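S.K.: 3D model of this:
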Amino acid sequence: SIGALPVDPVEWDIHRRDIENLLRACAKDYEIPDRTIRTHILEGSCLEQIRAFMLAQPKETVVVLGEGQSLPQEAGKFAQAVLASGKPSILRVPTGDARHNGGGYARILVPIDGSARAESVLPRAVRLASAENSELILCYVTPPPGVAEIGVSDDEAMALRKQVTNRNKRIGKSYLDSVTDRLSGAGVVVSTRTVVGEDARRSLLQVAKEQNADLIIIASHGQSGHSDVPAGDVASFVLKRSSIPVLMLRQSMKSAEQHAFGGTASEGVRQPTGPKP
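M.R.: Residues are numbered from 1 along each chain as shown. Below is the predicted model of the structure:
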C-alpha cells in the first residue's frame, strides 16, 4: 500500500518457507492412508485471495472460519465475504473453541422448518452422526402467531394467539415425529425439540446452548429463503453469532417442490412415500 515500507524479498522468502513447513507438518498430523491433504499458500489481500481460490475450485469446498492474527478480527465480515462467493459450504469454528479436545461431536443440532431446502442437510448430518456416534437433535421453531393488534391487547387477541401457538406446536411436533420416523433405520440416536419463539435466529442459538450441542448443521436457505441471496437471514445469523462450530450447507434444489431426499442417498434413511393421512 502507499506509504508502506517495501518488503524485503529475502525476509519474505524465509517467512514463506516457514509457513510452508508449518502447513506440511499440520497436514502430516491429520493425513491417513486414504486421505491426502494438500496445502496452498495465497499471497495478497486475504479476503480477495481466498474468494478467488474458492471460485477456481472445480468442486464444492468447505471453508473453515475463525479469527486469528492473519484474518480480520470481526468474523462476520470474513464470513460475509465467503458467503458472497455463492459457492462453498462453510464450516465456521469460533476462535478458542476447544470443547472437543479431539473427542468429536457428541450432540449435533439440525434446524429444519418443513421445507425441502432445510431438510437437504439431513443425509449428510446422518452420515456425520453415524461416523461420530453422535446424537442428532432435530429442532423446529414455530412461526410467531401473528394477530393484528392496535392499542391495548384484548382478550380475543390473546385467545387467538394462544390457539395459534398451540396449533403450531402440535404441527411442529407431528412434523418432527414424521422426520424421526424416516430416520429410524439410520442407526443414529435422534431427539427432537419444538420451540415457540418470536425470533427463530436467537431461539436456535438458545436451544444449542440448552442442549449443550457441539455442532450446528444448517441449510443456507429454508422455507422463507430467497435463491437470489447467498444465504437466508437465519442461517447467516447463526453462522456469524454461534459460539460453537456451524456447518452451513448450500443446496441446489431444482424446484421448491423437490423433496430433500430426492436424488440423495444415505444408508438407513427411508425416502418418504407421501404425506400421512
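
S.K.: what segments of the stretch 151-277 of the chain are helices?
M.R.: 155-182, 200-210, 233-241 (DSSP state H, counting those that start in this stretch).

S.K.: TSV for the ones you listed, including distance to residue 137?
M.R.: All C-beta spots, glycine's among them, are computed from the backbone N, C-alpha and C. Supplementary listing: those in TSV, determined by distance: least, CB to CB, whole Å:
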stretch	distance to residue 137
helix 155-182	10
helix 200-210	8
helix 233-241	14
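
S.K.: residue 48: which of these is closest?
M.R.: helix 233-241 (20.2 Å; CB to CB).

S.K.: list the buried ones in the closest one?
M.R.: Across helix 233-241, burial judged by 16 or more other CB atoms under 10 Å covers 234, 235, 236, 237, 238, 239, 240.

S.K.: the strands in this protein, which residues?
M.R.: For the chain, the strands defined by DSSP state E occupy 62-65, 89-92, 107-111, 135-142, 189-196, 215-219, 246-249.

S.K.: weakest of the helices of the stretch 151-277 of the chain by average pLDDT?
M.R.: The weakest mean pLDDT among the helices of the stretch 151-277 of the chain belongs to helix 233-241, with a mean of 84.

S.K.: so which elements touch that one?
M.R.: With contacts taken as 3 or more CB pairs under 8 Å, 6 or more residues apart in numbering; DSSP states H and E, helix 233-241 sits against helix 75-84, strand 89-92, helix 200-210, strand 215-219, strand 246-249.

S.K.: pick the most buried one from those.
M.R.: Highest mean neighbour count of the helices and strands packed on helix 233-241: strand 215-219, a mean of 26 (counted as mean count of other CB atoms under 10 Å).

S.K.: mind listing what it pairs with, with the direction of each?
M.R.: strand 107-111 (parallel), strand 246-249 (parallel) (DSSP bridges).

S.K.: hmm, back to that, need the buried residues of helix 233-241 in CSV (columns: distance to residue 21).
M.R.: Shown next, in CSV, are those (distance: CB to CB, whole Å):
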residue, distance to residue 21
234, 42
235, 37
236, 37
237, 39
238, 36
239, 32
240, 33
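
S.K.: which of those residues sits closest to residue 35?
M.R.: residue 239 (25.9 Å).

S.K.: where does the stretch 1-150 of the chain dip in pLDDT?
M.R.: 1-6, 46-47, 58-61, 63, 65-87, 96-103, 146-150 (pLDDT under 70).

S.K.: chain neighbours aside, what residue packs nearest to residue 43?
M.R.: residue 49 (6.9 Å; CB to CB, 6 or more residues apart in numbering).

S.K.: what's the local residue count around that neighbour?
M.R.: For residue 49, the count of nearby residues is 14 (other CB atoms under 10 Å).

S.K.: distance to residue 178 added to the strands of the chain, as TSV?
M.R.: Compiled in TSV, the strands of the chain are given as follows (distance: least, CB to CB, whole Å):
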stretch	distance to residue 178
strand 62-65	30
strand 89-92	26
strand 107-111	15
strand 135-142	11
strand 189-196	11
strand 215-219	18
strand 246-249	21
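
S.K.: make CSV from the helices and strands packed on helix 233-241 and add distance to residue 129 to it.
M.R.: Listed next are the helices and strands packed on helix 233-241 as CSV, based on distance: least, CB to CB, whole Å:
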stretch, distance to residue 129
helix 75-84, 25
strand 89-92, 16
helix 200-210, 16
strand 215-219, 9
strand 246-249, 12
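
S.K.: from residue 205, how far off is the closest residue to residue 138 other than its chain neighbours?
M.R.: Residue nearest to residue 138 in three dimensions, not counting chain neighbours: residue 192, with 4.8 Å by CB to CB, 6+ apart. For residue 192, the distance to residue 205 (CB to CB, to the nearest Å) stands at 18 Å.
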